[in-house]
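S.K.: structure of the sequence below:
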Amino acid sequence: MPFPEVAEAEAGGEVARIYAELRATAGIPVVNLIWRHFAALPGVLPWAWAAVRPVAGSALLAEGTARLEAAALRAGGGGVAALPVLPEEARAVVEIYNRGNCTNLQLLTALRRILAGEAAGGGEAPEAAPAPPPLPPTPPMPQLERLAPAVRAQVRELAALHGPAVAEAVPSLYRHLALWPDLLPPLHATCAALMADGTLPQGRDALLAEARALSGRMLPALRPPPDFPAAQRGAVLAALDTFAGQLIAEMAVLGLLLRAASRRG
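M.R.: Prediction:
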């Protein structure tokens with residue numbers, strides 16, 4: 001069953017407006033999968049974005065991103081040597097997701113805590129961060145269903161490394177790297193090895209712990225609206241468990257290790 005999402009090209013009205021704000025505040029040209037999924041759940045995207053908008057683009061979030069990047073390299077840096085060196089255009093694609101993953105992990109961890117009943121609000125809005133530097137232009141992410149069958153299968157095999165909960169929620173980075181099909185087999189082999197030897201799981205756990213500490217500092221600045229769409233609670237919690245509890249952290253570690261490997265090369 002396809003993972004529900006509203007593609008950027010199909011967004012209109014309020015969804016398109018929020019997508020534009022997400023891109024602008026993160027300084028990236030794409031909307032990450034979790035937000036596209038929220039758009040497919042009635043009422044969820046406006047609620048979630050209103051809740052975290054006060055800290056999006058803040059110095060607090062930027063500082064947290066630096067801490068997450070350092071934690072990922074401390075925990076998973078031993079995997080750098082095994083990863084392929086990417087061509088320049090593919091490196092630029094990885095940087096899109098490095099920037100998005102580290103910010104989203106913090107925001108969604110805070111959102112998860114709100115839905116678990118923790119108090120939020122009551123604090124001042126954090127100081128805004130300087131605008132992030134522009135990223136180099138990259139080709140757009142291909143739609144999964146439009147990939148050649150063999151390439152689509154390789155992308156799904158990469159997603160399957162993250163476990164059955166991710167079977168249909170194919171990470172956008174893998175879809176984007178499908179523009180370079182020759183990269184997919186060596187990337188799969190290396191990722192499988194890094195999963196098996198504990199490098200990616202250890203990095204994930206380090207980032208989840210760091211994100212929880214960072215999100216606690218954000219809670220006073222958040223402004224969750226009172227009108228949460230209760231009918232979507234189960235779907236939202238399931239998505240947050242998958243994304244904020246596992247997948248984003250794993251993809252953040254992988255992306256940061258790919259950056260380090262390419263700089264080494």
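S.K.: wait, isn't Ala178 in contact with Val151?
M.R.: Yes - using Cβ atoms under 8 Å as the test, Ala178 is close enough to Val151 to be in contact (5.3 Å). No exception for glycine: its C-beta is placed from N, CA and C like everyone else's.
S.K.: and for the two, which residues touch both?
M.R.: Residues touching both Ala178 and Val151 (Cβ atoms under 8 Å, 6 or more residues apart in numbering) are Leu184.
S.K.: who's more crowded, the two?
M.R.: Neighbours were counted for Ala178 and for Val151 using other Cβ atoms under 10 Å; Ala178 has more, 22 against 18.
S.K.: where does the more buried one fall, phi/psi-wise?
M.R.: For Ala178, the backbone dihedrals are phi -60, psi -10 (criterion: degrees, to the nearest 10).
S.K.: ok, it to Ala159 distance?
M.R.: Distance of Ala178 to Ala159, computed by Cβ to Cβ, to the nearest Å: 11 Å.
S.K.: same question for Gln246.
M.R.: Taking Cβ to Cβ as the measure, Gln246 falls 12 Å from Ala159.
S.K.: ok, Ala150 - contacts?
M.R.: Each residue near Ala150 by Cβ under 8 Å, 6+ apart is listed here: Pro181.
S.K.: how is the residue of the chain positioned farthest from its centre classified with respect to secondary structure?
M.R.: Within the chain, Gly122 marks the point farthest from the mean C-alpha position, 27.5 Å out by Cα atoms, centre = their mean. Classification of Gly122 using DSSP: H, G, I helix; E, B strand; the rest coil returns coil.
S.K.: helices or strands next to the helix or strand that Tyr97 is a member of in the packing?
M.R.: Here Tyr97 sits within helix 88-115, counting by DSSP states H and E. Here helix 88-115 touches helix 13-26, helix 33-39, helix 44-52, helix 59-76, helix 172-177, helix 199-218, helix 233-242, helix 248-264, going by 3 or more Cβ pairs under 8 Å, 6 or more residues apart in numbering; DSSP states H and E.
S.K.: I'd say Gln106 and Ala66 touch.
M.R.: No - in this structure, Gln106 sits apart from Ala66 without contact. The criterion is Cβ under 8 Å, and the distance is 11.4 Å.
S.K.: of these two, which one has the most company?
M.R.: Between Gln106 and Ala66, counting by other Cβ under 10 Å, Gln106 is the more crowded of the two (30 against 10).
S.K.: what sits against the residue positioned nearest the centre of the chain?
M.R.: By Cα atoms, centre = their mean, the mean C-alpha position of the chain lies nearest to Asn101, the distance being 3.3 Å. Counting by Cβ under 8 Å, 6+ apart, Asn101 makes contact with 32, 248, 251-252, 255.
S.K.: repeat that for 7 Å
M.R.: 248, 251-252, 255 (Cβ atoms under 7 Å, 6 or more residues apart in numbering).
S.K.: ok, it to Pro201 distance?
M.R.: Taking Cβ to Cβ as the criterion, Asn101 is separated from Pro201 by 16 Å.
S.K.: equivalent analysis for Pro181, please.
M.R.: As defined by Cβ to Cβ, Pro181 lies at a distance of 27 Å from Pro201.
S.K.: between the two, who's got more neighbours?
M.R.: Neighbours were tallied for Pro181 and for Pro201 using other Cβ under 10 Å; the higher tally belongs to Pro201 (18 against 14).
S.K.: now what about stretch 199-211, what contacts it?
M.R.: Under the criterion Cβ under 7 Å, 6+ apart, external residues in contact with stretch 199-211 comprise 67-68, 71-72, 74-76, 78-79, 105-106, 109, 194-195, 246, 249-250, 252-254.
S.K.: again, but for stretch 227-235
M.R.: Counting contacts by Cβ under 7 Å, 6+ apart, the residues outside stretch 227-235 that touch it are 41-44, 47.
S.K.: 6 Å instead, please
M.R.: Counting by Cβ atoms under 6 Å, 6 or more residues apart in numbering, stretch 227-235 makes contact with 41, 43-44, 47, all of which sit outside it.
S.K.: could you do stretch 174-190 as well?
M.R.: Contacts made with stretch 174-190 from outside it, assessed by Cβ under 6 Å, 6+ apart, are listed as 82-84, 90, 93, 139, 141-142, 144, 147, 151, 154-155, 157-158.
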